[in-house]
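Enquirer: quick one: sequence plus predicted model below, questions after.
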Amino acid sequence: MPTELEIAFPKLTDRDLAALSARGRVRDVSAGETLYATGDKVIHFYVVLEGEMEVVDGTDNDAPRVGTVGAGQFTGEIGVLSGRAALVTIRAASDGRVVQLDGHELLRAVGELPDLGEVIIKAFICRRDLLLSSGYKGVKIIGSRFSPAAHRLRDFATRNLIPVNWIDLESDAEAEQLLQRFNVSPSETPLVIARSGKHAKNPSIAEFASCAGLTASIEEDHVYDLVVVGAGPAGLAASVYAASEGLDVLTADALAAGGQAGTSARIENYLGFPAGISGKELTQNALVQAQRFGARITVPCAVRSLGLDGGDRVVTLADGTRVRTRCVLVASGVSYRKLDVPRFSDFEGAGIYYAATEMEARLCRGEDVVVIGGGNSAGQAAVFLARGSRWVHLMVRAADLGASMSRYLVDRLEAMDNVSIHLGTRVSALDGDSRLREVRAHDGAGRELAIGTSALFLFIGADANTTWLRGCVELDRNGFVLTGPALPPGTTELERWRLAGRPPFLLETSLPGVFAAGDVRSGSVKRVASAVGEGSQSVTFMHAHIQRPV
Ligand SMILES: Cc1cc2nc3c(=O)[nH]c(=O)nc-3n(C[C@H](O)[C@H](O)[C@H](O)COP(=O)(O)OP(=O)(O)OC[C@H]3O[C@@H](n4cnc5c(N)ncnc54)[C@H](O)[C@@H]3O)c2cc1C
């Protein structure tokens, strides 16, 4: 089996080099020439035919060399597919010759040469993984580990595979020096410093994304075939199928590709993965797959509203940009519910978590943690956290766990010797200072439990993310999107449906050409597989709508 390094830095055969040369532009390079520099938006992919390119960490002349790309090798990592800023500089160490391909030529080559495409895509993914685990110092975040704002930025970075250099206000000596240098007081943190030196105090997610090199390029004058709102499993599946079938796709997500599934520590019931697969791996692969077929995925990109303009659907983004499209897929999922207890908002991001990933597990290693919820997501989180925590307290409102959680999880939890299951229990109070210190609860017998903890994990259900759709498509009384046969009687009598000359398709909303899939859809099964199935299926209906638009 090839090693990680062999996968990340393969040597192409003469046949591969000839095939790529035929699809790009062969040109000479001179020693010292920079092909692209750290912070540049990478628009080209280079394959080295002769000579050697050096990989440099930074842009200064004395920046350290971290590797080389020799004859038969190629530049780039996964950011190339999404047009992210380059993390390293590529400079010719000697005179040489390269094949230069732009983004479209690269995607065409990957599509036309599947074996070579697999080698390139695997290398791209592996290079980003190696970079993230190598201690590569990306954008700096200086803040307190107890600050909700700092947690929000780190969460965004983790979910978007952005390398960060975390500098803890409380324990890193470098923090004070940096705050002094940038004239920032601790109360103005988190401070973010980009590789370019650009800095921002307590930035919004959009400002942080820009510092980290995530830039969206949305064509306002263009009419897309499909705009997908939400890049969870439903949105990603639709993006893969639609782009692979030749539709021009833009997918917008407010936070990160992967949705809720991306935060799942291990998905054990998704077809084809007998040993389970981490949500992050599953959804990152789906993201790359969609990009490989040419779907444009933009993050962070929140959608504010939906409307009609002539024959087009118009999606308005949070920054006011209007995007025109023939079809829309509503795949915006759900948002987590909160506990109705005093001081709840004081501890959001400062001890209260809605996901249990490696990042949260690291924050509470060796400590007692509380997990709330009786569903599979709570069960999975409890099993996962029990590996590193001292003790896991699982609190469930119901008197019986078996009614809402899969049997295999109940069995696993009951067999663990550092997990307590508290049935019939409700949280009554939260306590702490700048961070959570204690969770108090009442059990079924009226006894009070007081658990000293800095981590409370909530898995208590969610509400549909449909405020951006209100007044535009029919929702059920809980705010979930109605589609197909679930639409109110009389829908087909409306003018727009009479013009369409057909009833709404199975996954179509009350507005022709606007579809819904996944958790956000009324009556959907809240599972990854169903979201993927619905997202994929919706594309068939889109083709039919595009052929006979209304
Ligand atoms: C911790 C956890 C573990 C789970 N484990 C499993 C499991 O093991 N097996 C299983 O089958 N299911 C599991 N699930 C459920 C599964 O993850 C969901 O059913 C699935 O993710 C739903 O996919 P979706 O695409 O419909 O929505 P989501 O995954 O919720 O994605 C919706 C996306 O839309 C984006 N969005 C929302 N509003 C907007 C807007 N206005 N503009 C732009 N973007 C927007 C969000 O940022 C999000 O990325 C788990 C869920 C959680 C939370």
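Expert: Good, I have the coordinates.
Enquirer: residue 149 versus the nearest residue to residue 150 once chain neighbours are set aside, what's the distance?
Expert: In this structure, residue 150 finds its nearest non-sequential neighbour in residue 143, 3.2 Å apart by Cβ to Cβ, 6 or more residues apart in numbering. All C-beta spots, glycine's among them, are computed from the backbone N, C-alpha and C. Distance of residue 143 to residue 149, computed by Cβ to Cβ, to the nearest Å: 7 Å.
Enquirer: what's the weakest-modelled helix or strand in this protein?
Expert: helix 358-363 (a mean of 81; mean pLDDT, DSSP states H and E).
Enquirer: buried ones in that one?
Expert: Buried residues in helix 358-363, counted by 16 or more other Cβ atoms under 10 Å: 359, 360, 361, 363.
Enquirer: likewise stretch 446-459?
Expert: 449, 451, 453, 454, 455, 456, 457, 458, 459.
Enquirer: where along the stretch 251-400 of the chain do the strands fall?
Expert: Taking DSSP state E, counting those that start in this stretch as the test, the strands found in the stretch 251-400 of the chain are 296-298, 303-309, 312-317, 322-330, 334-336, 352-353, 368-372, 391-395.
Enquirer: please identify the helix or strand for residue 68.
Expert: Residue 68 is part of strand 65-69, with elements assigned from DSSP states H and E.
Enquirer: and for residue 76?
Expert: Counting by DSSP H and E, no helix or strand carries residue 76.
Enquirer: isn't it right up against residue 124?
Expert: Yes. With contacts counted by Cβ atoms under 8 Å, residue 76 reaches residue 124, the gap being 6.3 Å.
Enquirer: tell me which parts of the stretch 101-250 of the chain are close to the ligand?
Expert: 229, 230, 231, 232, 233, 234, 235 (Cβ under 6 Å from any ligand atom).
Enquirer: over to the chain?
Expert: Residues of the chain found near the ligand (Cβ under 6 Å from any ligand atom) are 229-235, 252-255, 259-261, 263-264, 267-269, 302-303, 331-334, 355, 377, 380, 465, 468, 518-520, 526-529, 531.
Enquirer: at 5 Å what do you get?
Expert: Taking Cβ under 5 Å from any ligand atom as the measure of proximity, the chain contacts the ligand at 230, 232-234, 253-255, 259-261, 264, 267, 302-303, 331-333, 377, 465, 468, 518-519, 526-528, 531.
Enquirer: residue 143 and residue 149: which is more packed in?
Expert: Using other Cβ atoms under 10 Å, the more surrounded residue of residue 143 and residue 149 is residue 143, with 23 against 16.
Enquirer: coming back round to it: show me what the least confident helix or strand of the chain is packed against.
Expert: Helices and strands touching helix 358-363, by 3 or more Cβ pairs under 8 Å, 6 or more residues apart in numbering; DSSP states H and E, are helix 148-159.
Enquirer: re earlier: buried sites along the strand holding residue 68?
Expert: Applying a neighbour-count criterion of 16+ other Cβ under 10 Å, the buried positions in strand 65-69 are residue 69.
Enquirer: just checking, next helix/strand downstream of it?
Expert: Counting by DSSP H and E, the next helix or strand C-terminal to strand 65-69 is helix 79-82.
Enquirer: and that next one, what does it pack onto?
Expert: For helix 79-82, the packing partners by 3+ Cβ pairs under 8 Å, 6+ apart are helix 103-112, helix 114-133, helix 279-292.
Enquirer: want to throw these into JSON lines with mean neighbour count?
Expert: Below are the helices and strands packed on helix 79-82 laid out as JSON lines (neighbours: other Cβ atoms under 10 Å):
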{"stretch": "helix 103-112", "mean neighbour count": "17"}
{"stretch": "helix 114-133", "mean neighbour count": "17"}
{"stretch": "helix 279-292", "mean neighbour count": "22"}
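Enquirer: export those helices to JSON lines and append columns for mean pLDDT.
Expert: Output for the helices and strands packed on helix 79-82, formatted as JSON lines (pLDDT from 0 to 100):
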{"stretch": "helix 103-112", "mean pLDDT": "94"}
{"stretch": "helix 114-133", "mean pLDDT": "93"}
{"stretch": "helix 279-292", "mean pLDDT": "95"}
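Enquirer: picking up where we left off before, figure out how far the strand holding residue 68 is from the centre of its chain.
Expert: Its chain's C-alpha centre and that of strand 65-69 lie 29 Å apart, by Cα atoms, centre = their mean, to the nearest Å.
Enquirer: what about residue 483, how many residues nearby?
Expert: 28.
Enquirer: pretty sure it sits against residue 511.
Expert: No. Counting by Cβ under 8 Å, residue 483 stays clear of residue 511, with 10.7 Å between them.
Enquirer: quick check, the residue in the stretch 401-550 of the chain closest to the ligand?
Expert: Residue nearest to the ligand within the stretch 401-550 of the chain: residue 518 (2.1 Å; Cβ to the nearest ligand atom).
Enquirer: go on, the stretch 301-450 of the chain?
Expert: Counting by Cβ to the nearest ligand atom, the stretch 301-450 of the chain gets nearest the ligand through residue 333, at 2.1 Å.
Enquirer: for the residue lying farthest from the centre of the chain, give me the pLDDT.
Expert: Within the chain, residue 445 marks the point farthest from the mean C-alpha position, 42.1 Å out by Cα atoms, centre = their mean. For residue 445, the pLDDT comes out at 83.
Enquirer: so what's it closest to, chain neighbours aside?
Expert: Of all residues not flanking residue 445 in the chain, residue 424 sits nearest, at 7.8 Å (Cβ to Cβ, 6+ apart).
Enquirer: repeat for residue 373
Expert: residue 459 (3.3 Å).
Enquirer: which residues touch that neighbour?
Expert: Residue 459 makes contact with 336, 354, 371, 372, 373, 375, 377, 378, 381 under the criterion Cβ atoms under 8 Å, 6 or more residues apart in numbering.
Enquirer: how far away is the fifth one from residue 422?
Expert: Right, the one you point to is residue 373. To residue 422, residue 373 is 12 Å away according to Cβ to Cβ.
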